[in-house]
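J.: Below: sequence and its predicted model.
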Amino acid sequence: MVAPAVAATAFAVLALALWFGGGRPQPAIQGLPSPGALTTWGLPVVRLVHDVCAAATVGVLLAAVVLAPASGRGVVRAAGAWALGWAASAAVTEVLTLSDFLGLPPGDALRSGALSAFLFHIPQGQAFLTVTLAALAIAAGSLLPHGPLLRPVLLAVALLAVLPPAYVGHSASAADHNLAVLSLMAHVAAVALWTGGLYALVAHLRAAPGLTVAVRRFSTLALGCFAAVGASGALNAWVRLGSVPLLWQSRYGQLVLAKIAALAVLGWFGWRHGAGPSGRWSPAEPARRSSASPAARSR
């Protein structure tokens, strides 16, 4: 039940953000090259799948390394399965991004012979090629015999692999390039740890004997992620907007205000339900609190 609920929520948020922010695909202009409906509609959806798989991979590995180190091989295998989805969605993103760049349908873009140049010489192609290879390495590593260093190495690779798309995203063209990119990287890494860790608690550790300890550890980590998400998001928004009035005068600014409100509500919700160091979860009630306390406390 966890995965369908997460997927439905994610797609609903994507649709709302695209509609409100003006990012929904626009009709092709007659006489100009167009990548077609498959690319214009498929690219945002595939990027969403990519981000969900990335966060889940990071979160499940976080559970295996930090939250519940005594967890069995099945948790790492689950991370490997998510990593395969991550690699596949990154590969599809490469093709659809090339299609968008060239203004050609995906099939024509692949037949154009430009894929290798795109992957090795264009920053967007290089970024998603790096992600694809890293995710495949995580999937392969999850099948290896589990030595003392394997899990931490896989987690480190996963955290590094979430960063390349941020480096070549919209913030790369902001006025203060370095500040915008670094703040977005911190934002992305914190969100991946936070949301992925919550998913791992709910989906993989809710029946584990060490649930109480895992929740306490996640609560501490999540509070740090909450601060990092808020600070890095505010900094990135300031770099991109440049002035306070644009917060309510632009669609992007209004989306930022909506995110701030959501962050505040979730922070209050977490404080209200108090999943702190005292640990109000118990193995007998994970389902009731797993979707609220740690995540909300983290934000």
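T.: Everything's here; your move.

J.: thought residue 197 was touching residue 223?
T.: No: if you go by C-beta atoms under 8 Å, residue 197 and residue 223 don't touch, sitting 11.8 Å apart. For glycine as for every other residue, the C-beta is placed from the backbone atoms N, C-alpha and C.

J.: what's downstream of the helix or strand harbouring residue 84, the next helix or strand?
T.: Using DSSP states H and E, the element containing residue 84 is helix 73-102. Per DSSP H and E, the first helix or strand lying C-terminal to helix 73-102 is helix 106-111.

J.: Against which helices or strands is that next one packed?
T.: Judged by 3 or more C-beta pairs under 8 Å, 6 or more residues apart in numbering; DSSP states H and E, helix 106-111 is in contact with helix 73-102.

J.: what distance separates the helix it packs on from the centre of its chain?
T.: Counting by C-alpha atoms, centre = their mean, to the nearest Å, helix 73-102 is centred 12 Å from the centre of its parent chain.

J.: ok, now stretch 179-186?
T.: Distance of stretch 179-186 from its chain centroid, counting by C-alpha atoms, centre = their mean, is 15 Å.

J.: State the mean pLDDT of that stretch.
T.: The pLDDT scores in stretch 179-186 average 87.

J.: How about that stretch, which residues are buried there?
T.: 180, 181, 182, 183, 184, 185, 186 (16 or more other C-beta atoms under 10 Å).

J.: Please identify which of residue 197 and residue 223 sits among more neighbours.
T.: Using other C-beta atoms under 10 Å, the more surrounded residue of residue 197 and residue 223 is residue 197, with 29 against 20.

J.: mind listing what that one touches?
T.: Neighbour list for residue 197: 58, 59, 62, 63, 67, 218, 221, 222, 225, 294, 298 [criterion: C-beta atoms under 8 Å, 6 or more residues apart in numbering].

J.: quick one on the thing from earlier: in helices, which of the buried residues of stretch 179-186 fall?
T.: When the buried residues of stretch 179-186 are checked against helices (DSSP state H), the matches are 180, 181, 182, 183, 184, 185, 186.

J.: thinking the fourth one is in contact with residue 229, fair?
T.: By that I understand residue 183. No: judged on C-beta under 8 Å, residue 183 makes no contact with residue 229 at a distance of 10.8 Å.

J.: Which element is encountered next along the chain beyond the strand or helix carrying residue 221?
T.: Per DSSP H and E, residue 221 falls inside helix 211-241. Later in the chain than helix 211-241, the nearest helix or strand by DSSP H and E is helix 246-249.
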